[in-house]
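Engineer: Please work out how this folds:
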Amino acid sequence: MGDSTQIKNYPPSALLRRSFRKAFPPAVRGEGVYLWDQTGKRYLDFSGSAAVNFIGHGVQAIVAAMAQQATQLEFVHSSQFTTPVAEEYAQELLEFAGENFVGGSVYFTCGGSEAIETALKLARQYQVEIGQERRHQMLSRAQSYHGSTLGALSVSGNRRRREIYTPMVREWAHVGMPYCYRCSFDCSDGCRNCGQQYAAELEHAIESAKGSVAAFIFEPVSGATLGAVTPPPGYLQSIAEICRRNGVLLIADEVMTGMGRTGRNFAVEHWDVAPDILVTAKGLSSGYTPLGAVIASSRVVEAIASGSGSFLHGFTYNAHPISLAGGRAVLRHLMERNLVQAADSEREQSAGANLARALANLPDVNTVGDVRGIGLLRGVEFVADKLSKRPFASKENFAGFVAAASAKRGVLVYPMQGCVDGKSGDHLLIAPPAVITEEQINWAVEQLQDAILEVSSEVATA
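Structural biologist: Got it, this is the predicted structure:
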């Protein structure tokens, strides 16, 4: 294969970019499902950047709402003031989150990692407030990703992203999770039984911690680390019951899956699970402004309100008025245009259903091992051998080359490695905006398939 790591045609930059071995074309415009670079080349944003954009690029109503707020009030510190936009948007978001959060509260942040940090500290303080001072451990799953800050990394199982920082993070138990394509158990029943075996791992970890577990954090549908793996029947309900029975708070990380991405307001609704704390970001603002949120149930809020009376936490820019105006406009926009329903793959002729149909034949390609997901969050896993499910060697960077070949054809996807054991295993995430048409989906999948075939051919002849 050719070397996709060579920087070409782009001058040195004062910007500390994500990679010194990759060319980043300057993006200058966005509209609907498309982005344009400085040369005029158009790209179909088939991954919503990083599962961020849900309503489409260039919606002027969002920009106008932010500009209007900026002309009135650009910033106040949350230790001194609240704002009308914060109060109104928080109430609207609670209503969007559903009955489980009636009487709860929302804490706004500048993004997903900040929101995860907030949720972890909130869970710890809750336990202290109710007299459970020993409870401080935060359990999570081995193949997961919850953010880039040190607290978020401590509950992340993504080896590639946490390895060099391991000496700096707290180490708590990471339990296994159902991954039916590569299940550790006997998958003769659609993973229903093995889902219970994985749930039992959580109960064992809680018991082993001898009353020191404060919370368990999970992604209802896996994000970057495994690529849109959905839970088997009964699994999420079982972990929720285990947490309830053991006095452990349940934190749902919906940074990637929230705000309609899976065809429900929040993904936990597919399985009727009611978390104590829910974290969302990405689609919360659809990328129009940095924004995240922690949605806490009334039980958590009341413990602090009737206890110490203050949450011992804060960021300078939390509940920033301009960002909240943008997020509120995004929520209004997606509700007025029924974009959550557009993502629902169970609805005939929806964007979610059209995407599922278009991807259905992709496993016919020799190097495609699995296509999975729900709504407008889909994963494509690559294998060197279909029968044994043997992954490509990580040094081959198969997913990265596919993404580069796809971008060359004008389609943007999100490549990742490590789905097998944290280092090996290649997959792509596909998460387009909900405004994508059937014609655009079909064209994008055709380009993606051609890109996979091109890279597969190069690997075979290398």
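Engineer: Can you tell me the closest non-neighbouring residue to Ala342?
Structural biologist: Closest residue in space to Ala342, ignoring its immediate chain neighbours: Ala434 at 4.3 Å, by Cβ to Cβ, 6 or more residues apart in numbering. Glycine gets a C-beta too; all of them are placed from N, C-alpha and C.
Engineer: and the one you found, how far is that from Val402?
Structural biologist: Distance of Ala434 to Val402, computed by Cβ to Cβ, to the nearest Å: 24 Å.
Engineer: Compare the two and say which one has the larger neighbour count.
Structural biologist: Ala434 (30 against 25; other Cβ atoms under 10 Å).
Engineer: any idea how far the more buried one is from Arg347?
Structural biologist: 12 Å.
Engineer: Ok, Tyr317 next?
Structural biologist: 38 Å.
Engineer: Give me the buried positions along the host helix or strand of Glu117.
Structural biologist: Assigned by DSSP states H and E, Glu117 falls within helix 112-129. For helix 112-129, the neighbour count (16 or more other Cβ atoms under 10 Å) marks 112-120, 122-129 as buried.
Engineer: With stretch 41-51 instead?
Structural biologist: Buried residues in stretch 41-51, counted by 16+ other Cβ under 10 Å: 43-49, 51.
Engineer: if we can go back for a sec, touching, the residue nearest to Ala342 and Ser345? I think so.
Structural biologist: No. At 11.6 Å, Ala434 and Ser345 do not qualify as touching, with contact defined as Cβ atoms under 8 Å.
Engineer: Mutual contacts of those two, please.
Structural biologist: Leu376 (Cβ atoms under 8 Å, 6 or more residues apart in numbering).
Engineer: buried sites along stretch 150-158?
Structural biologist: 151-158.
Engineer: which residue ranges form the strands in the stretch 1-150 of the chain?
Structural biologist: With DSSP state E, counting those that start in this stretch, the ranges of strands along the stretch 1-150 of the chain come out as 27-31, 34-37, 42-45, 105-109, 137-141.
Engineer: how about the ones you listed in a markdown table, adding distance to Gly98 and mean pLDDT?
Structural biologist: Putting the strands of the stretch 1-150 of the chain into a markdown table (distance: least, Cβ to Cβ, whole Å; pLDDT from 0 to 100) gives the following:
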| stretch | distance to Gly98 | mean pLDDT |
| --- | --- | --- |
| strand 27-31 | 31 | 98 |
| strand 34-37 | 33 | 98 |
| strand 42-45 | 29 | 98 |
| strand 105-109 | 13 | 98 |
| strand 137-141 | 24 | 96 |
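Engineer: and the ones you listed as JSON lines, adding distance to Asn397?
Structural biologist: Output for the strands of the stretch 1-150 of the chain, formatted as JSON lines (distance: least, Cβ to Cβ, whole Å):
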{"stretch": "strand 27-31", "distance to Asn397": "23"}
{"stretch": "strand 34-37", "distance to Asn397": "22"}
{"stretch": "strand 42-45", "distance to Asn397": "20"}
{"stretch": "strand 105-109", "distance to Asn397": "33"}
{"stretch": "strand 137-141", "distance to Asn397": "25"}
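Engineer: between these, which one is nearest to Gly309?
Structural biologist: With Cβ to Cβ as the criterion, Gly309 lies closest to strand 105-109 of these, at 13.4 Å.
Engineer: contacts for the closest one?
Structural biologist: Strand 105-109 has contacts (Cβ under 8 Å, 6+ apart) with 86, 89-90, 93-94, 115, 118, 122, 281, 291-296, 301, 311, 315, 318-320, 323-324, 327.
Engineer: In PyMOL, how would I select the buried members of these?
Structural biologist: Buried residues among these (16+ other Cβ under 10 Å), as a PyMOL selection:
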select buried, resi 86+89+90+93+94+115+118+122+281+291+292+293+294+295+296+301+311+318+319+320+323+324+327
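Engineer: Now intersect the contacts of strand 105-109 with the helices, please.
Structural biologist: By the criterion of DSSP state H, membership of the contacts of strand 105-109 in helices covers 86, 89-90, 93-94, 115, 118, 122, 301, 323-324, 327.
Engineer: Now tabulate the residues you listed in JSON lines and tack on distance to Ala70.
Structural biologist: Formatted as JSON lines, the ones in helices among the contacts of strand 105-109 follow (distance: Cβ to Cβ, whole Å):
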{"residue": "Ala86", "distance to Ala70": "15"}
{"residue": "Tyr89", "distance to Ala70": "16"}
{"residue": "Ala90", "distance to Ala70": "20"}
{"residue": "Leu93", "distance to Ala70": "21"}
{"residue": "Leu94", "distance to Ala70": "25"}
{"residue": "Ala115", "distance to Ala70": "23"}
{"residue": "Thr118", "distance to Ala70": "25"}
{"residue": "Leu122", "distance to Ala70": "30"}
{"residue": "Val301", "distance to Ala70": "30"}
{"residue": "Ser323", "distance to Ala70": "11"}
{"residue": "Leu324", "distance to Ala70": "12"}
{"residue": "Gly327", "distance to Ala70": "14"}
